[in-house]
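In: Make a model of this:
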Amino acid sequence: MPEVPATPVDLLRALTRAERLLARRVGAVLAAEGLTVEAWRVLCLLADGQGHPMSEVATEESLPPGTLTKLVDQLVDQNLVYRRIDPQDRRRIRAYLTARGRREQERVDALVRADLAGLTTDDDLALAGALAALVDRLGDGRRPVGAAAGPRPRVAAR
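Out: The predicted model follows:
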């Protein structure tokens, strides 16, 4: 049985290791589809159909603004994403999925979920709740964009 992290530093190491292993596994699935983990995460964020300001996407996906701009430029070139001026604040640019982008996000997301399905356990809902509580304690109480009020029913790399 794995050792339970005893200190916050141990927890940080365990979470980092788990994220890296998941990202590597998901990255292999995505590489076969011509996408990076970062691109997939941006597509998943935009899949809610609301469009998001580029600054928000950069923050949510932990990408420097310049890196995000280059990534979104590539997604625009692939006709997966488009940008528009924010109708409420014309100084901001919002990113949206194209119809092709929506289909591609759904298709690739299904591949990722299928690959990760073998990792699920009965403890996933409790783990998701514990991680959501940890995020709330570490942050300012702000939930990630698209997060429900309670724990997510499915656990997968975003």
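In: Residue 96 looks like it's in a strand, true?
Out: Yes. Residue 96 forms part of a strand when assessed by DSSP: H, G, I helix; E, B strand; the rest coil.
In: any idea how far the closest residue to it other than its chain neighbours is from residue 59?
Out: Once flanking residues are discounted, residue 96 sits nearest to residue 51: 4.3 Å by C-beta to C-beta, 6 or more residues apart in numbering. (Each C-beta comes from the backbone N, C-alpha and C, glycine too.) Here residue 51 is placed at a distance of 15 Å from residue 59 (C-beta to C-beta, to the nearest Å).
In: Whatever helix or strand residue 12 lives in packs against which elements?
Out: Here residue 12, judged by DSSP states H and E, is contained in helix 8-31. Secondary-structure packing of helix 8-31 (3 or more C-beta pairs under 8 Å, 6 or more residues apart in numbering; DSSP states H and E): helix 37-46, helix 99-116.
In: looking at those, which is buried most?
Out: Highest mean neighbour count of the helices and strands packed on helix 8-31: helix 37-46, a mean of 22 (counted as mean count of other C-beta atoms under 10 Å).
In: Tell me which other helices or strands that one touches.
Out: helix 8-31, helix 54-60, helix 65-77, strand 81-85, strand 93-97, helix 99-116.
In: Quick one, which of the ones you listed gets closest to residue 38.
Out: Nearest to residue 38 among the helices and strands packed on helix 37-46 is helix 65-77; the distance by C-beta to C-beta comes to 5.9 Å.
In: if we can go back for a sec, and for the residue nearest to residue 96, the neighbour number?
Out: A total of 18 residues lie near residue 51 under the criterion other C-beta atoms under 10 Å.
In: Residue 67 and residue 61: what is the separation?
Out: Using C-beta to C-beta, we find residue 67 at a distance of 9 Å from residue 61.
In: ditto for residue 135
Out: Per C-beta to C-beta, residue 135 is found 15 Å from residue 61.
In: Switch the helices and strands packed on helix 8-31 over to TSV; also include mean pLDDT and distance to residue 75.
Out: Converted to TSV, the helices and strands packed on helix 8-31 look like this (pLDDT from 0 to 100; distance: least, C-beta to C-beta, whole Å):
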stretch	mean pLDDT	distance to residue 75
helix 37-46	96	6
helix 99-116	96	7
